[in-house]
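S.K.: Sequence and predicted structure, then a few things I'm wondering about:
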Amino acid sequence: MIFHRTSIPPKWQSTYEDFLCQVEKQIALVAGWLITVILVIYQVNQNQRGIDGNIHIIETLLRAPVMLVALFTLFVHYTKKPQVDPGLLLRVIALSVMGLSLSLFVAHALYSPDTLYQMSNVLMIGFFGVSMLSVRGLEQWWTLFVLPLMLFFAALVIVDLEFKQLLPFLFDPLVMIFVGMVVSCSLSQLRRSEFLTRQQLKSLALTDQLTGLLNRHAIHTSLEQLVTRYARHGHPFSLILGDLDKFKRVNDSYGHNVGDEVLIETANRLQDHVRAGDIVCRWGGEELLVVLPDTELDSALAVAEKLRCAVGETPMTAAGHSIKQTISFGVTCYHDGEHIDTTIMRADSALYLAKEGGRNRAASVEPGAGAPDSIPATL
Ligand SMILES: Nc1nc2c(ncn2[C@@H]2O[C@H](COP(=O)(O)OP(=O)(O)OP(=O)(O)O)[C@@H](O)[C@H]2O)c(=O)[nH]1
């Protein structure tokens, strides 16, 4: 359906805005070049047509502002200065093209009526071109066409031009507005669908399908950003690596499906007990990684203890079974200048200590420290 609008979920709205901005930038660049080339060709052609002096000057004067807008667009694109909202730039280009084609029509109706058929073609091209600049579909289409057309009809009345006589020349251009509207809405719908498909694929590639958590690949990007942030601003961050205790027994006793449910419930409990800015991811198998931005080791250890209780204190219900599943955690914090893999290996060593220490506990390893701290289970 042409006028059916695929809605963008709120979580992707701001990414969609960025995507539209990119599209607007590209279209503004193409429009800038096209208008510049077309206006130069028209100007040269006009000089050779040897048309009446008055209309010659009027045409040149009317083209000048559009040419300036087109050159300004190219200047903004290639120098990145000044910073102009590409949506606004497109609107200015569209309105200037509308202004040019409509005022050329009025000028020819006044001074050179024999050339009105040519002007009718100019209007058609102008209307179609402006429709293509309407990246956001119908909502922009109204603002781009309605206001200029109202001014145009007001101008016809003011300069006392017979509307009835002009109507045959205006019929095709007005039909072109409808054609442009259909094409523009279809393109806008295509862009939305393309954006949604791309986002869904991206999200599929970054999400663990069982738990809905981010996967190992996705977390690497976040970790690299945190390392950069540490290097620039010294903001600390910590890692908590968790591993379900004796999880093989759950699978062996109740089956893999029940094991899956336990894994999902564990992931949910971890998610429910961390702050909004913290990230929980499935590191692999029955291992889960929690990343805590702006958190020193001591606080991270306290968080791990809270998470341990959240998982282990209340039994989980899966397929009618009540299962008491505990978890062990290895905690560490990032140390200046080290590779993130070193931090992860340290969290793994801490996890090993927690397992060695009897499971259902959180152990930590400080960067460069010999002896690990360990929080024994209180259960
Ligand atoms: N149901 C289910 N099981 C998984 C999944 N990923 C890994 N496992 C199981 O997790 C179990 C991990 O077993 P082990 O590495 O021996 O460790 P454990 O039994 O948890 O014992 P400790 O870690 O030493 O406390 C294996 O049986 C895996 O098959 C999964 O996605 N779903």
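M.R.: Right, received. Where do you want to start?
S.K.: wait, what's in contact with the closest residue in space to L147 that isn't next to it in sequence?
M.R.: In space, and not counting its chain neighbours, L147 is closest to L95: 7.9 Å by C-beta to C-beta, 6 or more residues apart in numbering. (C-beta placed from N, C-alpha, C; glycine too.) Going by C-beta atoms under 8 Å, 6 or more residues apart in numbering, L95 touches 144, 147-148.
S.K.: Return the members of those classed as buried.
M.R.: With burial judged by 16 or more other C-beta atoms under 10 Å, the buried subset of the contacts of L95 is 144, 148.
S.K.: what's the burial count for H321?
M.R.: 15 (other C-beta atoms under 10 Å).
S.K.: so it makes contact with G255?
M.R.: No: contact criterion C-beta atoms under 8 Å: H321 and G255 do not qualify, at 9.9 Å.
S.K.: wait, which of the contacts of L95 is closest to the ligand?
M.R.: Proximity of the contacts of L95 to the ligand (C-beta to the nearest ligand atom) peaks at L144, which lies at 53.5 Å.
S.K.: Show the model's pLDDT score for that closest one.
M.R.: Per-residue pLDDT puts L144 at 89.
S.K.: Check Q43 too.
M.R.: Value for Q43, per-residue pLDDT: 86.
S.K.: What's the local residue count around it?
M.R.: Q43 has 13 nearby residues by other C-beta under 10 Å.
S.K.: need the contact list for it.
M.R.: Contacts of Q43 (C-beta under 8 Å, 6+ apart): 60, 63.
S.K.: Give me the helices and strands touching the helix or strand where V146 lies, please.
M.R.: Here V146 sits within helix 138-158, counting by DSSP states H and E. Helices and strands touching helix 138-158, by 3 or more C-beta pairs under 8 Å, 6 or more residues apart in numbering; DSSP states H and E, are helix 86-111, helix 116-133, helix 163-206.
S.K.: would you turn those helices into a markdown table with mean pLDDT?
M.R.: Compiled in a markdown table, the helices and strands packed on helix 138-158 are given as follows (pLDDT from 0 to 100):
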| stretch | mean pLDDT |
| --- | --- |
| helix 86-111 | 93 |
| helix 116-133 | 92 |
| helix 163-206 | 91 |
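S.K.: Turn the ones you listed into JSON lines, columns for distance to E59.
M.R.: Shown next, in JSON lines, are the helices and strands packed on helix 138-158 (distance: least, C-beta to C-beta, whole Å):
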{"stretch": "helix 86-111", "distance to E59": "7"}
{"stretch": "helix 116-133", "distance to E59": "10"}
{"stretch": "helix 163-206", "distance to E59": "17"}
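S.K.: Tabulate these (a markdown table), appending distance to the ligand.
M.R.: Formatted as a markdown table, the helices and strands packed on helix 138-158 follow (distance: least, C-beta to the nearest ligand atom, whole Å):
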| stretch | distance to the ligand |
| --- | --- |
| helix 86-111 | 45 |
| helix 116-133 | 50 |
| helix 163-206 | 17 |
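S.K.: Quick one: closest of these to L74.
M.R.: Each of the helices and strands packed on helix 138-158 has some distance to L74 by C-beta to C-beta; the shortest is helix 86-111, at 10.8 Å.
S.K.: so how far is that closest one from its chain's centroid?
M.R.: 32 Å (C-alpha atoms, centre = their mean, to the nearest Å).
S.K.: again, but for stretch 20-33
M.R.: The chain centroid and the centroid of stretch 20-33 are separated by 17 Å under C-alpha atoms, centre = their mean.
S.K.: got it, and stretch 132-151?
M.R.: Mean-position distance between stretch 132-151 and its chain equals 24 Å (C-alpha atoms, centre = their mean).
S.K.: residues of that stretch that come out buried?
M.R.: When burial is assessed from 16+ other C-beta under 10 Å, stretch 132-151 yields the following buried residues: 132-135, 137, 140-141, 144-145, 148-149.
S.K.: do the same with stretch 201-214
M.R.: Buried, per 16+ other C-beta under 10 Å, within stretch 201-214: 207-208, 211, 213-214.
S.K.: Would you mind putting those into a markdown table with secondary structure and pLDDT alongside?
M.R.: Formatted as a markdown table, the buried residues of stretch 201-214 follow (DSSP: H, G, I helix; E, B strand; the rest coil; pLDDT from 0 to 100):
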| residue | secondary structure | pLDDT |
| --- | --- | --- |
| T207 | strand | 95 |
| D208 | coil | 95 |
| T211 | coil | 96 |
| L213 | coil | 96 |
| L214 | strand | 95 |
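S.K.: any idea which element G330 lies in?
M.R.: Assigned by DSSP H and E, G330 falls in strand 327-333.
S.K.: To clarify, my last question referred to C281.
M.R.: Of the helices and strands defined by DSSP H and E, C281 is found in strand 279-284.
S.K.: Against L90, how distant is T6?
M.R.: T6 sits 22 Å away from L90, going by C-beta to C-beta, to the nearest Å.
S.K.: neighbour count winner among the two?
M.R.: L90 (24 against 12).
S.K.: Enumerate every residue touching the nearest residue to G99 once chain neighbours are set aside.
M.R.: Using C-beta to C-beta, 6+ apart and skipping the chain neighbours, the partner closest in space to G99 is P148 (6.4 Å). Residues in contact with P148 (C-beta under 8 Å, 6+ apart) are 95, 98-99, 102.
S.K.: I'd like to know which of those residues are buried.
M.R.: Buried by 16+ other C-beta under 10 Å: 95, 98-99, 102, out of these.
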